[in-house]
Each structure stands twice: as structure tokens, then as C-alpha cells.
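S.K.: Quick one, structure for this:
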Amino acid sequence: MNLDHAFVCGDPALDFAATLRARRTRRFEMFTTPDRLNAWYLESGIVDAVSPSQEADLEQAKAVREAVYELITARRLGEEYAGAALTVVNNAARRPSAVPQLTPSGRWTQATPDEALSLVARHAVELISGKDAPLLKECANPECTRTYIDRSRGMRRHWCGMESCGNKIKAAAYRARKKTAQAPAL
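M.R.: Below is the predicted model:
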């Protein structure tokens, strides 16, 4: 059940925040239906099974996503956190979360939509307050608004992912250089 969710940011909270893509331009929404939200929970690996989400679960998830994005951006820029965003994320994190179980075949986590969202919010709390927070960067692709954890040597990573943004930008730069080199001299 792959619905083209991308997991390139280095943390589930960052990938969750990135489900609204191109925030400054086209604003491409990944969570268009409750099924798309459920697919994200499963594809991200935070749970192995989730009961069907309803429209209200989808709206709640979008509210938490926007609050997570706002807090991550504030942390990355060294700005104060907005009180409303803190409240939304903390309230979601405060709810009971899914509990992993050990089965004969390994770890298994079954969740309700609320429990899965609580796990995402807890990831956000840990990330924003944790050791990886200073490593947060925004993708250098002007159309991309993903934030990722830069664990590269020398912190020289520019793109959320080479497949998603890096190759596109490098190919465009190559085409521009080639076009300039082929332009007739006047």
C-alpha cells in the first residue's frame, strides 16, 4: 500500500511535517483522505497496524503536523516557540500512545489513530528538545520546505534527499550551464 510518502528527513516527526510539501509555492497536501493518513502511519513504521481513521482524525493530524512544523522551524531558526503550537503538540503527546507488544514473530504495534498521532507528537518533543536539534536544516531546493537532520561529515548536506531534490537541482544547474555554453556569441 505505497502511496508515495517520502521518508528522507531522518526522524518520523520531520517526515510527518513534510507531508504538506512545497509550503511556499504549490502547497501539495499528502493527507487528502483518512486512508492516506493511515498509510503514512504504516509506511513510516511507527505502527504495524492502525484502526481506520475518520475525517476528525485527519483534521487533528493536520493540526498537529502544522504545530510540529512551526516548532521545528522556530527551533531551527533559534526563535521562540509559539504558545498555541506548544499546546497542540503537548496535548497530542500527552494522550496514551500505542504500546509495542512482543509476539512469536517479533515486535508488533497496533494503534488507534489517536495513539499513532501521540507517537508522532512524542517523536517531535524528543527531536526538538534533543541532541539532534542543532543538526536541523531546511532543504536548499527553493521549492522544498522539508527540514532534515544533517548528520553528514562537516554538516555539508544541502538537500533533504538526493533522489527527491538533489538530483533535480543538480540536473537543472547542468542544463543551465550547457545552455549558456552553447549560446552563440554576439
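
S.K.: And Asn141, how far from Asp150?
M.R.: As for Asn141, its distance to Asp150 is 14 Å (criterion: C-beta to C-beta, to the nearest Å). Heads up, the C-betas are built off the backbone N, CA and C, glycines and all.

S.K.: Equivalent analysis for Pro100, please.
M.R.: From Pro100 across to Asp150, the span is 29 Å (C-beta to C-beta).

S.K.: who's more crowded, those two?
M.R.: Per other C-beta atoms under 10 Å, whichever of Pro100 and Asp150 has more neighbours is Asp150, with 17 against 14.

S.K.: give me every residue that touches the closest residue to Ala17 other than its chain neighbours.
M.R.: Spatial nearest neighbour of Ala17, chain neighbours left out: Tyr69 (4.1 Å); criterion: C-beta to C-beta, 6 or more residues apart in numbering. Each residue near Tyr69 by C-beta atoms under 8 Å, 6 or more residues apart in numbering is listed here: 17, 20, 23, 147.

S.K.: Quick one, which of these has the minimum pLDDT?
M.R.: By pLDDT, Arg23 ranks lowest within the contacts of Tyr69, coming in at 88.

S.K.: Please name the residues that touch that one.
M.R.: Going by C-beta under 8 Å, 6+ apart, Arg23 touches 69, 145.

S.K.: now, which of the contacts of Tyr69 sits nearest Tyr41?
M.R.: Ala17 (14.6 Å; C-beta to C-beta).

S.K.: pLDDT score for Ala185?
M.R.: Listed pLDDT for Ala185 reads 61.

S.K.: all numbers from here: first residue = 30
M.R.: Renumbered: residue one is now 30, and that last one reads Ala214.

S.K.: quick one: which two of the contacts of Tyr98 are the most distant?
M.R.: The most distant members of those, if one measures by C-beta to C-beta, are Leu49 and Thr176, lying 12.1 Å apart.

S.K.: Just give me the neighbour total for the residue nearest to Gly190 when sequence neighbours are not counted.
M.R.: The shortest distance from Gly190 to any non-neighbouring residue, by C-beta to C-beta, 6+ apart, is to Val37 (3.5 Å). Counted with other C-beta under 10 Å, the neighbours of Val37 add up to 17.

S.K.: ok, back up a step: so which strand or helix has the residue nearest to Ala46?
M.R.: If you go by DSSP states H and E, Tyr98 is part of helix 84-106.

S.K.: hmm, back to that, from Ile157, how far out is the residue nearest to Ala46?
M.R.: Taken as C-beta to C-beta, the span from Tyr98 to Ile157 is 11 Å.

S.K.: now Cys194
M.R.: Distance of Cys194 to Ile157, given as C-beta to C-beta: 23 Å.

S.K.: Okay, buried residues for stretch 99-110 please.
M.R.: For stretch 99-110, the neighbour count (16 or more other C-beta atoms under 10 Å) marks 99-105 as buried.

S.K.: With adjacent residues omitted, what lies nearest to Arg185?
M.R.: Among residues not flanking Arg185 along the chain, Asp179 sits closest, at 7.9 Å (C-beta to C-beta, 6+ apart).
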